[in-house]
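Visitor: the sequence and its predicted three-dimensional model are supplied below.
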Amino acid sequence: MAASGSLKNYKILIVDDDPDLQEYLRAGLDPYFSLVMIATTAEEAKSVIGGLCKFDAIICDFQLPDSDGLKVYQWVREEKEMATPFLMISGYSPLVPEGDLAFDFLAKPFHPQQLIGQIKKLLDQAAHQASSSAS
């Protein structure tokens, strides 16, 4: 499903332990997506990702109380073998994986419209990659 139109059918997981940022992101993203779920730790994120709900994109802070976002990303890619678009957010620039079109980084602070643009770009790339591999 291409993201070039409405984003209303997409489900987003936010992994961040900052309550103020959680509310800021929820308020900014809720009008655009069908579901915006929040996990506050890496373990909670893994539990939710491993559950019944299939997320179309994951937004994850780099610094989490029990791990870091890069380890969550590696778990999604390697253990769960999922190509879910993954957007890392952080106040500083961490080392990021290269060569993964379904991964991007956004530095804090940012405006919700910047975040939506990054998510849309990742969803479009994932849809294009899926249609290319299906051909």
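Guide: Great, that's in hand. Numbers count the residues shown, from 1 in each chain.

Visitor: so A83 sits against A102, correct?
Guide: Yes - when contacts are counted by C-beta atoms under 8 Å, A83 is listed as touching A102 (5.3 Å). The way it works is simple: take the backbone N, C-alpha and C, and place the C-beta from them, glycine included.

Visitor: give the partner strands of the helix or strand harbouring I59 in its sheet and their orientations.
Guide: Secondary structure assignment for I59, by DSSP states H and E: strand 57-61. Strand 57-61 has these partner strands in its sheet, going by DSSP bridges: strand 11-15 (parallel), strand 86-90 (parallel).

Visitor: any idea how far the closest residue to T40 other than its chain neighbours lies from W75?
Guide: Leaving aside its sequence neighbours, T40 sits nearest to D17 (C-beta to C-beta, 6 or more residues apart in numbering; 4.8 Å). As judged by C-beta to C-beta, to the nearest Å, D17 and W75 stand 17 Å apart.

Visitor: now the one helix or strand A130 maps to: average pLDDT?
Guide: Here A130, judged by DSSP H and E, is contained in helix 112-134. Here helix 112-134 scores 88 as its mean pLDDT.

Visitor: now the angle from it to strand 11-15?
Guide: Helix 112-134 runs at 120 degrees relative to strand 11-15, counting by axes from the mean of the first three to the mean of the last three C-alpha atoms, to 10 degrees.

Visitor: contacting residues around helix 112-134?
Guide: When contacts are defined by C-beta atoms under 8 Å, 6 or more residues apart in numbering, helix 112-134 is touched by residues 1-4, 7, 10, 12, 24-25, 27-29, 32, 56-57, 59, 83-87, 89, 101-104, 106.

Visitor: among those residues, which are located in helices?
Guide: Counting by DSSP state H, the contacts of helix 112-134 place Y24, L25, A27, G28, L29 in helices.
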